[in-house]
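Peer 1: Test case, fold it:
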Amino acid sequence: MPRIKKNKMGNYIPTVVETEAYRWCINNGIYISPFATGEGTWYIEIKMNNKTNRSPLTYGPISIWIQMYGFYKYYYNKYAQKI
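Peer 2: Okay, the predicted model is just below:
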């Protein structure tokens, strides 16, 4: 039987608000994703309006998800009512 690989990024269940912000961002062309450094840490990459930005900080397991959903909520709160 094949081995099940352990999730190195940790398990995180987003809240209802985080899920709503995620869906809104994806539907409006704002893509936020983890980008591995190869050392068990990740950058966050944000693609919006044909521009790509990468966070200057790296994040570990679990904190990568918290920060990523924090960015989704930030962009949702900033732009949702303007569009």
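
Peer 1: Residue 36 contacts residue 42, doesn't it?
Peer 2: Yes: counting by CB atoms under 8 Å, residue 36 does reach residue 42; the two are 5.4 Å apart. The way it works is simple: take the backbone N, C-alpha and C, and place the C-beta from them, glycine included.

Peer 1: three-state assignment of the residue most central in space within the chain?
Peer 2: Closest to where the C-alpha atoms of the chain average out (CA atoms, centre = their mean) is residue 68, at 3.0 Å. Three-state assignment for residue 68 (DSSP: H, G, I helix; E, B strand; the rest coil): helix.

Peer 1: mind listing what residue 57 touches?
Peer 2: Residues counted as contacts of residue 57 (CB atoms under 8 Å, 6 or more residues apart in numbering) are residue 43.

Peer 1: what are the phi and psi angles of residue 10?
Peer 2: Torsion angles at residue 10 (phi, psi; degrees, to the nearest 10) stand at phi 80, psi 170.

Peer 1: confidence score at residue 38?
Peer 2: For residue 38, the pLDDT comes out at 80.

Peer 1: and if you look at residue 83?
Peer 2: Confidence score, pLDDT, at residue 83: 55.

Peer 1: Please apply the same query to residue 23.
Peer 2: 97.

Peer 1: ranges for the strands of the protein?
Peer 2: 30-36, 42-48, 51-54 (DSSP state E).

Peer 1: And the second one, what's buried?
Peer 2: When neighbours are counted by 16 or more other CB atoms under 10 Å, the buried residues of strand 42-48 are found to be 42-44, 46.
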